[in-house]
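Chemist: Predicted model and sequence below, questions to follow.
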Amino acid sequence: MTTPPPETADAPTAKSMEDIVALCKRRGFIFPASEIYGGINGFWDFGPLGVELKNNLRDAWWHDMVRCPPEGPDGESLSIVGLDSAIIQNPKVWEASGHVGGFNDPMVDDRETKQRFRADQLFGLFHYTAQPPGKDRLFFDDVKEKLSAGEFVAPLVTVVANSEEEAIRHFVGRDWKPPKPYKRDIIENFKLELNRPFDLSLLDSQGKQWYCMSIRIPLQVIENFTAQVPSPFSKDGKAGNLMNPRMFNLMFKTSVGAVQDEDSVVYLRPETAQGIFLNFKNVTDTQRVKVPFGIAQIGKAFRNEVTPRNYIFRSREFEQMEMEFFCHESEATKWYDFWVQTRLDWWKSLGISADNLQRRDHDAAELAHYSTACADIEYRYPFTAPGFGELEGIAHRGCYDLTQHQEHSGAKLTYFDQERNEHYLPHVIEPAAGLSRGVLVLLCEAYTPDPERPSKVYMKFHPRMAPIKAAIFPLVAKDGMPEVAQQLYDELRAKYAVQLDVKQNIGKRYARMDEAGTPYCFTIDGQTLEDQTVTIRERDTLSQERINIDQVGSYLADRIGG
Ligand code: GAP
């Protein structure tokens, strides 16, 4: 619904989301769902390369978290078991978890355009005069202070965004035209001793300059002054089209059984986590697990997001990779610290550069009432750069969930710790990552413009993540080369995701594989027929060397594993 923020003018090396989306469409990573019917907002289909990429990320997580988890903080080996619970559960589950009562976003409708947005994502562009000098700071602070006290200050225009920074980038972007009678006059990196970058200035019809800044409009202000706040979809910046904010539950409802009434209402799960808590007792009763241990689950989650946006970053159907780590209360802080660091290191191990990742600890105001700590692992997405956006959250959930389910269900969920000779509800540390969002991170990180290549861009996936591990090309489709290529392909495909491509000239075939992010290409040429050697072309260095065709399997095994 909202326009993706344009690239900033001052970042020539910045990756463009538009280019990434175009490549993903062109090469078959991701398609809009129901595209031939005009699409459906917030839903995406993963194409042949996208599903391989997603499965590689999913399998790496499962391997590194369940099958072969890291050593614990004291060098001990960890025990984490898997689960695949139902998407639809008894609706009482979501009452106990707090999702029926509390999983709400404040939503505002524009009565003219029928567009809808999240009130907590509304930013205003506020202006203030720069004269007389010295008054600026005061006026700047005045606006902030008044808004935070719930008073109304008229924004010039509004926009839906995730942060002040993203909001201002919308206005600074080349496509944005200020409402009449203003003209835009961008001043980059200008500082008015305001301790923050100056955003942009507008010239009015008299040639007077107004300095402008973007500030989130507090919900209280939108509620109390709805009629005076301009809609982000208004063309002329005039107010009057917004309806009062309403709380909107994010869970998708459906019904089970032939009769549709209040009693048949069920929900699509908004997170995979609750299925784990529901099965805590089943797992401890049937498996040889002892606290501390974890239960992990990967699967679909559904949220009726008010404003799905930024490609697959926030969609309405997505996948999560969540693990609930159950431990004794006295050890919860130790495990929390361990998991935050372990998860950050894990993303780096997949080739995500440390510069593009950061840990952000939630402040007290952000924490759920039952949580004592929460940290996000954030990535510098093209649409948040130079800022960061969430990729994974690691939450210290206390014993909230087990307590809630114990109370609401009446089932006893306590654990008997033989070593401590104590019955208790374990505390929980939850690393919760988005699988779909992780795919977006892999795509953004891999996208590497290179004007020297025919493709002008290549996808620099970590070999473990690459959807196609190697391509096999006969140089020409004759002289026995296709037969040799076919034989090599048949051998390799039993173990690796490889592709055989016989069409087009070799340069075009390399270009195609560069865009797919294939780390190695093997070419069968005239010399192969004489001495059984093939050319290996390496994606990142573009180096070419010859090895014996019998060594191709071990060459891949050394670099990719398996
Ligand atoms: N059980 C905790 C939980 O669900 P969350 O922060 O709401 O926590 C965890 O979700 C992760 O799921 C997020 O860090 C994000 O990667 C992913 N996620 C959440 N909502 C999403 C959405 N609408 N679209 C894509 N990914 C989403």
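Modeler: Yep, that arrived. Residues are numbered from 1 along each chain as shown.

Chemist: what does the stretch 201-350 of the chain put close to the ligand?
Modeler: Contacts of the stretch 201-350 of the chain with the ligand, taken as Cβ under 6 Å from any ligand atom, map to 271, 273, 303, 305, 314-315, 318, 320, 322. The way it works is simple: take the backbone N, C-alpha and C, and place the C-beta from them, glycine included.

Chemist: let's see it at 8 Å
Modeler: Contacts of the stretch 201-350 of the chain with the ligand, taken as Cβ under 8 Å from any ligand atom, map to 270-274, 301, 303, 305, 308, 312-316, 318-320, 322.

Chemist: Lowest mean pLDDT among the helices and strands of the chain, which one is it?
Modeler: Confidence across the helices and strands of the chain bottoms out at helix 135-148, with a mean of 73, counting by mean pLDDT, DSSP states H and E.

Chemist: mind listing which of the residues of the stretch 201-350 of the chain next to the ligand are in helices?
Modeler: Using DSSP state H, the subset of these located in helices is 273-274.

Chemist: When you filter the residues of the stretch 201-350 of the chain next to the ligand down to buried only, what's left?
Modeler: 270-274, 301, 303, 305, 308, 312-316, 318-320, 322 (16 or more other Cβ atoms under 10 Å).

Chemist: Which residues are in contact with the closest residue to the ligand within the stretch 101-250 of the chain?
Modeler: Nearest to the ligand, among the residues of the stretch 101-250 of the chain, is L250, at 8.6 Å (Cβ to the nearest ligand atom). By Cβ atoms under 8 Å, 6 or more residues apart in numbering, L250 lies in contact with 103-105, 270, 303-306.

Chemist: Name the member of these with the shortest distance to V221.
Modeler: Set against V221, the nearest of those by Cβ to Cβ is D105 (17.2 Å).

Chemist: So for that closest one, what's the pLDDT?
Modeler: We have a pLDDT of 89 for D105.

Chemist: How about the one 10 residues further on?
Modeler: Looking at Q115, its pLDDT is 92.

Chemist: burial measure for it, as a count.
Modeler: Q115 sits with 17 neighbouring residues when counted by other Cβ atoms under 10 Å.

Chemist: So D514, which state does it fall into?
Modeler: Three-state assignment for D514 (DSSP: H, G, I helix; E, B strand; the rest coil): helix.

Chemist: and it, what is it in contact with?
Modeler: Counting by Cβ under 8 Å, 6+ apart, D514 has contacts 453, 455, 457-459, 539.

Chemist: Neighbour-wise, give me the winner out of those.
Modeler: Each of these was scored by neighbour count (other Cβ under 10 Å); the top score is that of M459, with 29 neighbours.

Chemist: what are the bridge partners for it, then?
Modeler: Per DSSP bridges, residues listed as beta-bridge partners of M459: Y447.

Chemist: how close does it get to the ligand?
Modeler: Look at M459 and the ligand: by Cβ to the nearest ligand atom, to the nearest Å, they are 21 Å apart.

Chemist: Residue ranges in the protein under the pLDDT threshold?
Modeler: Along the chain, the parts satisfying pLDDT under 70 run over 1-13, 129-138, 140, 187-198, 562.

Chemist: tell me which strands and helices the longest helix anywhere in it is in contact with?
Modeler: With DSSP H setting the assignment, residue counts place helix 332-349 as the longest helix in the chain. The helices and strands touching helix 332-349, judged by 3 or more Cβ pairs under 8 Å, 6 or more residues apart in numbering; DSSP states H and E, are strand 317-327, strand 357-361, strand 373-379, strand 389-398, strand 427-434.

Chemist: Partner strands of the first one and their direction?
Modeler: When you say that, I think you mean strand 317-327. Strand 317-327 is paired, per DSSP bridges, with strand 293-302 (antiparallel), strand 427-434 (antiparallel).

Chemist: tell me the most buried of those strands?
Modeler: Ranked by average neighbour count under the criterion mean count of other Cβ atoms under 10 Å, these are headed by strand 427-434 at a mean of 24.

Chemist: That one vs the ligand: in contact?
Modeler: Yes: using Cβ under 8 Å from any ligand atom, strand 427-434 reaches the ligand at 430, 432-434.

Chemist: quick one, phi/psi of Q115?
Modeler: As for Q115, its main-chain torsions (degrees, to the nearest 10) stand at phi -80, psi 160.

Chemist: Look at the residue lying closest to it once chain neighbours are set aside and tell me its secondary structure.
Modeler: In this structure, Q115 finds its nearest non-sequential neighbour in F233, 4.8 Å apart by Cβ to Cβ, 6 or more residues apart in numbering. When classified by three-state DSSP, F233 comes out as coil.

Chemist: mind checking how far F233 is from Y182?
Modeler: The gap separating F233 from Y182 is 19 Å, by Cβ to Cβ, to the nearest Å.

Chemist: now Q487
Modeler: 69 Å.

Chemist: When these two are compared, which one has more neighbours?
Modeler: Higher neighbour count among Q487 and Y182: Y182, with 19 against 13, using other Cβ under 10 Å.

Chemist: if I look at that one, how far off is K146?
Modeler: For Y182, the distance to K146 (Cβ to Cβ) stands at 22 Å.

Chemist: For this protein, give the residue positioned nearest to the ligand.
Modeler: Of the chain, the residue with the smallest distance to the ligand, taken as Cβ to the nearest ligand atom, is G434 at 2.3 Å.

Chemist: who touches that residue in this structure?
Modeler: For G434, the contact set (Cβ under 8 Å, 6+ apart) comprises 318-321, 391-392.

Chemist: which SSE is the residue most central in space within the chain in?
Modeler: Note on the chain: the residue nearest the mean C-alpha position is R437, at 2.8 Å, using Cα atoms, centre = their mean. With elements taken from DSSP states H and E, the one containing R437 is helix 435-446.

Chemist: Point out the other helices and strands that that helix packs with.
Modeler: In this structure, helix 435-446 makes packing contacts with helix 17-27, helix 48-62, strand 317-327, strand 373-379, strand 389-398, judged by 3+ Cβ pairs under 8 Å, 6+ apart.

Chemist: Mind doing that once more with 6 Å?
Modeler: Using 3 or more Cβ pairs under 6 Å, 6 or more residues apart in numbering; DSSP states H and E as the contact criterion, the neighbours of helix 435-446 among helices and strands are helix 48-62, strand 317-327.

Chemist: what does the stretch 351-500 of the chain put close to the ligand?
Modeler: Within reach of the ligand by Cβ under 8 Å from any ligand atom, the stretch 351-500 of the chain has these residues: 376, 390-393, 395, 430, 432-434, 436-438.

Chemist: Just send those residues back as JSON lines, with distance to E223 too.
Modeler: Putting those into JSON lines (distance: Cβ to Cβ, whole Å) gives the following:
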{"residue": "D376", "distance to E223": "28"}
{"residue": "E390", "distance to E223": "26"}
{"residue": "L391", "distance to E223": "32"}
{"residue": "E392", "distance to E223": "33"}
{"residue": "G393", "distance to E223": "28"}
{"residue": "A395", "distance to E223": "29"}
{"residue": "E430", "distance to E223": "33"}
{"residue": "A432", "distance to E223": "31"}
{"residue": "A433", "distance to E223": "34"}
{"residue": "G434", "distance to E223": "31"}
{"residue": "S436", "distance to E223": "33"}
{"residue": "R437", "distance to E223": "31"}
{"residue": "G438", "distance to E223": "36"}
